[in-house]
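[1] Predicted structure and sequence below. I'll ask about it afterward.
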Amino acid sequence: MPNGQDTVVLNQAHWIWAKESHSDQYVRFYDAFFCRRKAVAKMTISVDGNYIAYLNGAAAAWGQYADYPHYKVCDTVDISEYVREGKNELCILAWHFGADSQTYVKGEPGLIYELESEGRIAAWSREGVLCAPAPDYIQNMRRNLSGALGFSYCWNAGGDDGFGREGYEPLGFSAAAAAKERILYVRPNQKLTIGNTAEARLIDPARRVYDLGRECAGFLHIVFEAARGIKFTVVFGEYVKADGGLMREQAGDGLDFSVSYIGGGKRAEHTSYLRRIGCRYFQIVTEADEAVKIVWIGIIETPYPVAVLPFSAGTALRQRIYDVSVRTLRLCMHEHYEDCPWREQALYALDSRSQMLCGYAAFEGGNNGFARSNLRLMGESALRDGLMPKCFPAGESLPIPAFGLIYVVQMAEYAEHSGDIEFVKARLGRLEEIVAAIDGRAGAGGLVPRINGSWNFYEWSDGLNGMLDAADTDWDGKCLACAGEAETDLALNCFLLLAMQSLNTIYSLTGTDQNLDGRIETLRRAVFETFYDASAGLFSSFAGRKHYSKLCNALALLTGCAGGNAAEIAAKIAAGHGLSETTLAMKIFEYDALLSVDQDRYAAYVLAELDRDYGYMLDCGATSFWETLNGYREYGGAGSLCHGWSALPVYYYRKLLQGELWEV
């Protein structure tokens, strides 16, 4: 929660915006100031939505941190290299989204900035600063890329009047109005950097498909020629379909992975500073192919700055797997960890838990500051009946109860790894609230039933995906909320146990004279009595049903529910024995469970599976690792081919091949 210790107070600046506002709004701001000499300068800036700031024709600052209306984060950027003696021109383009998504919480429109040079405030946001609607963007288009990503854009070269370039004349501007004031907070992690520029190569002239050569994430940069008023679309994706084109839309799911451009009658150049995308391929779609010439198209990569630790995996295959895993992790690492750079760019507790464990192993110093910023961002979310949303920050987000419990696990692991006990201790009340909200739903027998009105998801496998029909494993746009009489399942109760065990760890680390030992033992007994099937020698996934999965049995092992049956169950997990397979998302639970029973015995099993599954993806041409082994075929062709939780070889190779890794 915001505590006032990391707030930013500006000397003269106030929040401003255009006199009229609406959703999906692009507004320009122009300011000028004078410097007696070239000097050290910095600018503090924040906006609801996103921004790009040009100083004397150069892109000096960009990229609003993903935040909340009550936790408004600002950037403080060194802009000394762009300041000059005499007149300086500051041009800011701001994009106010104004509609909830799974990566943005709707807030009031507004911009604030303050520029300090030569020890004085040289420019600042105030009523009277020149502002105007941006004529080179289509306003209020409100076309979603996806429910997670939010709005797409359409850039009109015909409206490009040189804004942001040196010597710009602000014609047709009017005075900005005051906007709602809000408290500012220090950015909790580093700014993204400008990395490699990847040019896409034309591989199919007939279908106008371009290939970057590998998965990339960053700003789409394009140079094109088109007659005035000619509109064309750039579809971006991770694979080429059987018909030679890219997957653009999926009926019923509100997906449209494309951005649009309008010609201005001469060569035009555009960098999409306001919308980061992830992809490998582009396809140009227009009703008049001959009227649009693509001179250059590609991605300016925007990596988060980290130092990658050296690692030798011992074999060529494992080294390739390790290196691609690190790249996968970094492609899913921007303002926060994200599940995938193409389809969602959303921060999930489950995904980011695996990403944090990999980051502790892969990056110099464990990258603790980045992990902490993610945990804080998740902790700032509003709870719904005590339940966390499924992703953060999100204005539209159905809770996944198990994922909220994983947040407690993440916090304990962070405290153990980093030693940053005070950060976790300050949030102990929120962690207890999350656990109590689930545990408070327990019935007379001590077990918690599935929670109506939530997505009771555990993994993408039969019966555990939270679909209304347990046999329906395809993404088809159905409501994912549990409906009707709530069933009791093993997974939710085991995730509750994991969270309780983690709370006990936090109590110990923080010196809190409290524990949940009694409740943990009661719940363990209830789990064993309800779900253990002695005839099968396994735990069933659901009360009263014979459904056996590797995931649920692994969870029973990790939570101490198996007792003297642990070795037998572990052997059956490793052998298969008719259990439903664990998908890539949940392999961490399967592997940790087996290693907890007998690391010497099961290390070879884990390594062999990693070699097999990740080698398979490499053989299929993967340049980053996938959401599931079905790849793009998952969810009707919308499966992501770069997914953060699939970086797990980083964690296990470090642990099992070198034994260097901090133990969870």
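    Looks like it came in fine.
[2] For Gly365, grab phi and psi.
    In terms of degrees, to the nearest 10, the main-chain angles of Gly365 are phi 70, psi 10.
[3] ok, so what distance separates it from Leu111?
    Distance from Gly365 to Leu111, counting by C-beta to C-beta, to the nearest Å: 34 Å. (Glycine included, C-beta is placed from N, CA and C.)
[4] When those two are compared, which one has more neighbours?
    Residue environment comparison for Gly365 versus Leu111 gives the larger neighbour count to Leu111, 27 against 12, counting by other C-beta atoms under 10 Å.
[5] Show me the strands in the stretch 401-550 of the chain, by range?
    532-533, 538-539 (DSSP state E, counting those that start in this stretch).
[6] Show me the one of the ones you listed that comes nearest Glu287.
    Comparison of these against Glu287 by C-beta to C-beta identifies strand 538-539 as nearest, at 57.9 Å.
[7] quick one: strands adjacent to the closest one?
    Paired strands of strand 538-539, with direction, are strand 532-533 (antiparallel) (DSSP bridges).
[8] Ok, which of the strands of the stretch 401-550 of the chain comes nearest Ala66?
    With C-beta to C-beta as the measure, strand 538-539 is the member of the strands of the stretch 401-550 of the chain nearest Ala66 (38.5 Å).
[9] residue contacts, Gly229?
    For Gly229, the residues meeting the contact criterion (C-beta atoms under 8 Å, 6 or more residues apart in numbering) are Gly158, Ile262, Gly263.
[10] quick check, it in a strand?
    No - secondary structure of Gly229 (DSSP: H, G, I helix; E, B strand; the rest coil): coil, not part of a strand.
[11] ok, it to Gly195 distance?
    To Gly195, Gly229 is 35 Å away according to C-beta to C-beta.
[12] which ones are touching Tyr273?
    Ile52, Ala59, Trp62, Gly63, Leu93, Phe219.
[13] Would you format the residues you listed as JSON lines with secondary structure included?
    As requested, the contacts of Tyr273 are arranged in JSON lines below (three-state DSSP):
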{"residue": "Ile52", "secondary structure": "strand"}
{"residue": "Ala59", "secondary structure": "strand"}
{"residue": "Trp62", "secondary structure": "strand"}
{"residue": "Gly63", "secondary structure": "coil"}
{"residue": "Leu93", "secondary structure": "strand"}
{"residue": "Phe219", "secondary structure": "strand"}
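[14] Got a PyMOL select line for the buried ones in these?
    Taking 16 or more other C-beta atoms under 10 Å as the burial criterion, the selection of buried members of the contacts of Tyr273 in PyMOL is written as:
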select buried, resi 52+62+63+93+219
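[15] hmm, which two among the contacts of Tyr273 are most spread apart?
    The two members of these with the most space between them (C-beta to C-beta) are Leu93 and Phe219, at 13.5 Å.
[16] got the contacts of Tyr273 as CSV, with distance to Phe457 columns?
    Conversion of the contacts of Tyr273 to CSV gives the following (distance: C-beta to C-beta, whole Å):
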residue, distance to Phe457
Ile52, 37
Ala59, 40
Trp62, 35
Gly63, 31
Leu93, 38
Phe219, 32
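[17] Now stretch 58-73: average pLDDT?
    With pLDDT averaged residue by residue, stretch 58-73 scores 98.
[18] hey, C-alpha coordinates of that stretch in CSV?
    In CSV, the C-alpha atoms belonging to stretch 58-73 read as follows (Å, rounded to 0.1, in the frame of the first residue of the first chain):
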residue,chain,number,x,y,z
ALA,A,58,14.8,14.0,-29.9
ALA,A,59,12.8,11.3,-28.1
ALA,A,60,13.9,12.2,-24.6
ALA,A,61,11.5,10.2,-22.4
TRP,A,62,8.8,7.6,-23.0
GLY,A,63,6.9,4.8,-21.3
GLN,A,64,4.5,5.4,-18.4
TYR,A,65,4.8,2.7,-15.7
ALA,A,66,1.7,0.5,-15.3
ASP,A,67,0.0,1.8,-12.2
TYR,A,68,-3.4,2.6,-10.6
PRO,A,69,-5.3,5.8,-10.1
HIS,A,70,-4.5,5.7,-6.4
TYR,A,71,-0.8,4.8,-7.0
LYS,A,72,0.3,7.1,-9.7
VAL,A,73,3.9,6.6,-10.6
